[in-house]
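*Asks:* fold the following for me, if possible:
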Amino acid sequence: MAEAEPALSDLLRGAFRFLRRRYLVICLGALVGLALAVFAVMNLEDRYRSKLLLMVDEIGASSLEAEAQEGGARDAFVDGQVYIIESNEILRDAVALANLTEEPFFQRQPRSWAAQKIAELKAMIRPPRVAPADPDLSGLTPEEAYAVRTLDSAMTVDREGDTNIISISVVTDGGRLSARVADAVGTAFAMNREAAQIGRATRVAGWLDDRMLELRRQLTEAEDAVAAFRIENNLLTGAQGTSLGEQQLNEFNAELFRTRAELAQRRAAYARAVEILNGGGDIQSLPEVQQSDIVNALRTALLDLQRREAELAGQGNNPRLAGIRDERAAIEAQLSTEVTRIVEVMANEVETLEAREQLVSEALREAGGQSGDASRSSVELRELERRAEAYRALYERYLGSSGLAEENLSFLASGVEIIDAASVPSLPFAPKSQVLVLFGLILGAMLGGLIGLLREAMLTGFMTVGQLQRAVGLPVMACVPRIGSPAKAFEMTMDDPMSAYSESIRTFRHELTELSGETGTQVITITSSGPGDGKTTMARAMAGSALVAGLDVLLIDADLRRAKLSQLLQMSDDSGLSELLSGDGYGFRERNLGGGLDVLPAGRGARSPSDLLAGKSLARYLEAARQTYDLIIIDAPPVANMADASILARVSDVVGFVVRWNETPREMVVEAMKRLDSEAPVGLALNAADLSRVAQYGESYEAYARAAANPRTVRRDAAA
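*Replies:* The predicted model follows:
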């Protein structure tokens with residue numbers, strides 16, 4: 001967080017300085033944008049917008065209608081209605097309803113003379129391509145087609161959120177016209193929906209009629225097939241809808257069940273009777289015996305005789321007693337005979353039931369064989385009956401739906417309801433003057449800022465000391481201001497030593513001498529990356545500054561190729577360094593310009609300057625000169641593609657590298673520093689700087705004035 005605050009502060013300061021540097025361009029862009037916006041506001045026509053709200057309901061389709069339609073149910077119904085409203089069919093109907101071809105807004109306006117001439121010129125240069133015809137607008141006149149396209153561009157159809165409400169907005173040059181057009185579009189859409197519903201219902205009703213006739217024919221054929229199958233297979237129905245064979249089989253089964261149940265009962269009773277007879281038990285205890293009326297009557301008579309016999313036995317020998325006993329014996333014999341008969345009857349019943357069971361079983365087997373064939377036929381019959389029943393149910397369903405379709409056909413709605421009719425706007429919708437003016441102002445200022453940024457990006461030179469230090473990685477000793485006449489730089493340091501220019505030159509000289517670390521006479525080589533950076537002027541001015549300080553100075557023109565310093569001092573024809581190094585100037589003496597300043601010109605030319613400079617003569621000469629002078633300044637050639645500057649740097653105590661403000665390309669400076677490859681320390685000077693513009697980049701000459709009082713400041717800043 002602590003690191004972010006200085007970064008933000010630097011960013012804000014940089015933005016403020018950029019605005020200070022480019023405020024004229026930004027203001028000019030803002031004024032141009034403002035003027036264009038005002039011009040547009042004054043020349044644009046007012047536009048009015050009217051809005052219509054429709055609620056669209058989907059008329060539910062029955063399952064039969066869904067079956068009749070191709071494609072099934074529709075997805076995103078409301079979104080689909082939006083596309084329908086925007087279709088050319090609705091637009092054509094709206095143009096016809098509102099008679100828009102008579103409205104000037106929907107008519108093609110004649111082009112101006114200038115526009116016609118421009119179009120003719122374009123046609124001469126490049127013939128216009130014929131656009132393909134719109135198939136949706138075929139059959140329309142050119143005026144109607146233009147009105148449809150204009151309405152399409154002037155209308156906006158949107159869905160209101162996730163609801164089934166659709167808004168239709170129309171923008172024209174008149175409020176009443178906008179409202180009338182919006183109403184016309186809504187009416188055209190409602191009419192189109194209603195016509196579509198009627199057509200749809202008519203198609204469904206017709207399809208239902210055809211389908212119902214087909215179902216009735218299929219039902220008749222199915223019922224006839226059922227009847228014919230019954231007759232063919234003798235599958236006449238009995239009670240409860242069953243066939244005669246099935247009914248007969250059921251009766252035999254029931255009869256066999258009853259016979260077997262009764263037979264089992266009779267067998268059990270007969271077996272019990274036989275068991276009692278064989279065992280000597282009371283046969284009269286059997287239920288069958290007790291239920292016999294004859295047995296009951298005989299038993300009653302027997303009991304009466306036994307009672308009478310008992311009464312007469314108490315009276316002695318009564319002649320009637322013998323008769324009663326005979327009568328009792330006869331009744332007992334009858335009773336025994338009746339019981340025997342009952343047992344025989346039971347045996348006969350068992351035999352009869354056994355015979356009956358056999359007969360019923362045989363009849364059941366015969367009926368079962370016939371029933372197998374009947375069952376297979378019944379399966380086919382039931383299949384035919386189910387098919388006939390299905391046709392009957394479907395026919396009845398379609399019969400009811402056909403009546404409903406006829407009812408619906410007589411009462412159909414479009415499903416469109418206008419919930420908010422289009423109103424006549426009282427104020428124009430566009431242009432929004434204040435917004436347009438503000439937008440023009442902001443856009444113009446942004447364009448001006450962009451131009452300023454482009455100009456900043458196009459600057460290839462160094463605008464500030466910080467830029468130079470960051471690019472090269474070496475300390476910048478001085479920011480030398482621009483002067484009116486570089487040729488008078490020497491005189492300015494001599495005549496006005498307190499000027500800003502003289503102060504910067506003096507700062508550069510002091511910084512270089514301190515940078516070398518030497519205490520005796522120092523050799524300073526002044527060079528640059530290329531010609532025109534002001535190194536020669538810098539060397540002369542530094543010599544003048546040292547002369548003002550009371551030093552004995554030797555100024556050497558070591559540029560054996562161009563000899564710019566010798567030309568400025570009008571010494572081009574004098575013998576100089578080239579003769580000295582080649583051995584032709586034995587006993588040569590420097591030319592004194594007055595005071596303690598001597599100048600060694602370049603000489604009258606050299607065939608191989610680099611070889612001469614690389615020889616031992618230069619080093620011996622400089623060593624001898626150290627005994628005479630307090631300061632030796634060498635005006636070296638530019639680094640460029642030559643080795644001269646690097647050779648001179650090896651025999652120097654310190655190198656002063658001059659970079660021209662806003663002119664010397666940055667890449668050229670970086671490449672020159674790599675080629676220089678000096679073992680001696682190198683100090684930089686930003687030359688011919690516009691101090692007012694340097695201040696706009698956040699730096700000022702005062703910083704270098706303070707550095708002159710404390711030379712370590714610049715080096716410390718550079719190291720940071």
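*Asks:* any idea how many residues pack against residue 148?
*Replies:* 23 (other C-beta atoms under 10 Å). For glycine as for every other residue, the C-beta is placed from the backbone atoms N, C-alpha and C.
*Asks:* where's it, which helix or strand?
*Replies:* Residue 148 is part of helix 142-154 when elements are defined by DSSP states H and E.
*Asks:* CA atoms of that helix as PDB?
*Replies:* The C-alpha trace of helix 142-154 is given here as PDB (Å, rounded to 0.1, in the frame of the first residue of the first chain):
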ATOM      1  CA  PRO A 142     -40.800   2.400 -55.700                       C
ATOM      2  CA  GLU A 143     -42.600   4.900 -53.500                       C
ATOM      3  CA  GLU A 144     -44.300   2.100 -51.500                       C
ATOM      4  CA  ALA A 145     -41.000   0.200 -51.200                       C
ATOM      5  CA  TYR A 146     -39.200   3.300 -50.000                       C
ATOM      6  CA  ALA A 147     -41.900   4.000 -47.400                       C
ATOM      7  CA  VAL A 148     -41.700   0.400 -46.100                       C
ATOM      8  CA  ARG A 149     -37.900   0.700 -45.700                       C
ATOM      9  CA  THR A 150     -38.200   4.100 -44.000                       C
ATOM     10  CA  LEU A 151     -40.800   2.700 -41.600                       C
ATOM     11  CA  ASP A 152     -38.600  -0.300 -40.900                       C
ATOM     12  CA  SER A 153     -35.700   2.100 -39.900                       C
ATOM     13  CA  ALA A 154     -38.000   4.400 -37.900                       C
END
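*Asks:* can you give me how far that helix is from the chain middle?
*Replies:* Relative to its chain's centre, helix 142-154 lies at 33 Å (C-alpha atoms, centre = their mean, to the nearest Å).
*Asks:* burial of residue 58, as a residue count?
*Replies:* Neighbourhood size, residue 58 [other C-beta under 10 Å]: 13.
*Asks:* so it, which of the three states?
*Replies:* With DSSP: H, G, I helix; E, B strand; the rest coil as the basis, residue 58 sits in coil.
*Asks:* the residue nearest to it when sequence neighbours are not counted: what's it in contact with?
*Replies:* Distance criterion C-beta to C-beta, 6 or more residues apart in numbering; nearest residue to residue 58, sequence neighbours excluded, is residue 77 at 4.8 Å. Taking C-beta atoms under 8 Å, 6 or more residues apart in numbering, we find residue 77 in contact with 56, 58, 164.
*Asks:* packing partners of the helix holding residue 148?
*Replies:* Judged by 3 or more C-beta pairs under 8 Å, 6 or more residues apart in numbering; DSSP states H and E, helix 142-154 is in contact with helix 88-98, strand 165-172, helix 175-232.
*Asks:* what does it contact?
*Replies:* By C-beta under 8 Å, 6+ apart, helix 142-154 touches 86, 88, 91-92, 94-95, 100-101, 103, 105-108, 134, 137, 140, 170-172, 181, 185.
*Asks:* quick one: average pLDDT of it?
*Replies:* In this model, helix 142-154 carries a mean pLDDT of 89.
*Asks:* buried residues, that helix. List them.
*Replies:* 144, 145, 146, 147, 148, 149, 150, 151, 154 (16 or more other C-beta atoms under 10 Å).
*Asks:* list of residues touching the helix or strand just after it?
*Replies:* Using DSSP H and E, the helix or strand that directly follows helix 142-154 along the chain is strand 155-159. Contacts to strand 155-159, defined as C-beta under 8 Å, 6+ apart, come from residues 78-79, 82, 85-86, 91, 165-171, 181, 185.
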